[in-house]
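K.L.:
have a look; sequence and predicted model below, questions after that.
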Amino acid sequence: MKREDRSRIREITRLQEFSKQVKAKLTQVVEEFPSIDRLNPFYLELTGILVGVDKLKQSLGAVHNCIPPIDEITDKHIMALKLSTDFRQMKKTRSAAKGRISSILRATAPNLDFIIEAKKVLSKLPGIAPNIPSIVCAGFPNVGKSTLVKMVSTAEPEIAYYPFTTRKLIIGHLKVGNQNVQIVDTPGILDRPMSERNDIELQAVAALKYLANVIIFMIDPSEACGWTFDQQLNLLTEVQRMFPLNPLFIALNKIDITPDSQLEIARARLPNAYEIIAVNRIGVDQLLQDAIKEVDLKPMQESIDDYLKTLSGE
């Protein structure tokens with residue numbers, strides 16, 4: 001075999017392998033990302049809140065669209081290599097092809113960086129099963145939601161005596177007979193219009209919208225949380241307005257440190273509220289039992305059997 005033939009085969013093989021490796025990496029970036037359109041609505045909304053669905057689709061599409069021009073460059077330069085008789089020119093042709101392909105990669109680098117960062121963010125989302133019955137705890141920051149979830153479930157939320165400790169959704173699990181129940185500790189929702197809420201607060205709203213079979217709304221009548229009782233009532237009213245069909249239990253927490261005068265006002269304004277001390281689990285068990293009664297725990301097979309009985313006239 002002539003030297004120029006060996007050079008031609010070597011340069012063609014190198015270019016093909018380079019092109020193959022680049023396309024494999026780009027394809028991997030796109031295909032390993034979950035199909036956005038197939039995400040559960042809850043996760044779709046969280047994706048929109050945390051990274052931006054439109055931006056993510058745009059970046060994935062831009063990376064995917066790099067592959068056809070890479071193929072075109074590769075094919076064109078392989079054709080040139082096949083026609084070349086000068087091994088020095090062959091090397092230049094292969095280098096030129098790599099340079100053009102590298103330019104495409106540099107141009108789409110911001111999209112690749114965005115996708116990689118989005119994967120890191122979304123990989124940290126809690127392992128929520130949207131079809132499992134769920135109790136969602138809501139309220140202002142530092143009213144005791146994390147303490148309650150820690151007391152009654154497997155969750156280990158970070159607890160501190162200052163606002164905004166919970167910066168993401170935290171999921172705990174309860175075993176009720178043969179059924180699992182999720183209990184969700186949400187970031188505190190502030191009493192302000194939806195358009196002014198930050199990403200942390202919007203996660204809580206998404207949890208209420210898509211997960212809550214039952215809502216436990218916690219209020220701190222002592223106002224040690226940093227917000228007034230009236231501000232907390234305003235938020236309660238908004239949650240009731242936004243989710244009118246969800247069973248909602250109101251819990252007055254920290255009653256042990258609430259002055260008698262403030263506690264009497266809270267009792268008068270919310271006569272059916274539960275009174276608890278979450279940190280000591282006082283009153284918590286009754287609240288949880290009543291909340292669980294509102295969750296549909298009937299096993300699927302039992303529901304099917306009941307339906308078949310109605311068809312047979314039993």
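P.N.:
Thanks, I have the structure now. Quick caveat: nothing in here was measured; it's all calculated off a predicted structure. Numbers count the residues shown, from 1 in each chain.
K.L.:
every contact and neighbour count from this point should use C-alpha atoms.
P.N.:
Noted.
K.L.:
where along the chain do the strands fall?
P.N.:
134-138, 170-176, 179-185, 214-219, 248-252, 274-275 (DSSP state E).
K.L.:
mean pLDDT lowest where, among those?
P.N.:
Note on the strands of the chain: strand 170-176 shows the lowest mean pLDDT, a mean of 73.
K.L.:
that strand packs against which elements?
P.N.:
On a contact count with 3 or more Cα pairs under 8 Å, 6 or more residues apart in numbering; DSSP states H and E, strand 170-176 meets helix 145-152, strand 179-185.
K.L.:
comparing the strands of the chain, which comes out most buried?
P.N.:
strand 134-138 (a mean of 28; mean count of other Cα atoms under 10 Å).
K.L.:
quick check: closest non-adjacent residue to residue 73.
P.N.:
residue 97 (6.4 Å; Cα to Cα, 6 or more residues apart in numbering).
K.L.:
what about the one you found, how many residues nearby?
P.N.:
22 (other Cα atoms under 10 Å).
K.L.:
right, and it touches residue 75 too?
P.N.:
No: here residue 97 does not reach residue 75: they are 9.6 Å apart, not a contact under Cα atoms under 8 Å.
K.L.:
check what pLDDT residue 228 gets.
P.N.:
94.
K.L.:
now it. Nearest residue, chain neighbours left out?
P.N.:
residue 221 (7.8 Å).
K.L.:
pretty sure residue 254 contacts residue 278?
P.N.:
Yes: here residue 254 reaches residue 278: they are 7.2 Å apart, a contact under Cα under 8 Å.
K.L.:
ok, back up a step: quick one, which of the strands of the chain is nearest to residue 31?
P.N.:
With Cα to Cα as the criterion, residue 31 lies closest to strand 170-176 of the strands of the chain, at 28.5 Å.
K.L.:
output the closest one as PDB, nothing but the C-alphas.
P.N.:
Extracted in PDB, the C-alpha atoms of strand 170-176 (Å, rounded to 0.1, in the frame of the first residue of the first chain):
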ATOM      1  CA  ILE A 170     -38.700  17.800  52.400                       C
ATOM      2  CA  ILE A 171     -40.600  14.500  52.200                       C
ATOM      3  CA  GLY A 172     -41.300  12.200  55.100                       C
ATOM      4  CA  HIS A 173     -43.300   8.900  55.000                       C
ATOM      5  CA  LEU A 174     -45.800   7.400  57.400                       C
ATOM      6  CA  LYS A 175     -47.000   3.800  57.400                       C
ATOM      7  CA  VAL A 176     -50.700   3.500  57.900                       C
END
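K.L.:
partners of that strand, with directions?
P.N.:
Sheet pairing for strand 170-176, assigned by DSSP bridges, gives strand 179-185 (antiparallel).
K.L.:
show me the contacts for the nearest residue to residue 257 once chain neighbours are set aside.
P.N.:
Distances taken as Cα to Cα, 6+ apart place residue 222 nearest to residue 257, at 6.4 Å, with adjacent residues excluded. Going by Cα atoms under 8 Å, 6 or more residues apart in numbering, residue 222 touches 229, 254, 255, 257, 258, 259, 262, 263.
K.L.:
now do the same for the second one: its pLDDT.
P.N.:
Each residue has a pLDDT score; the one for residue 254 is 95.
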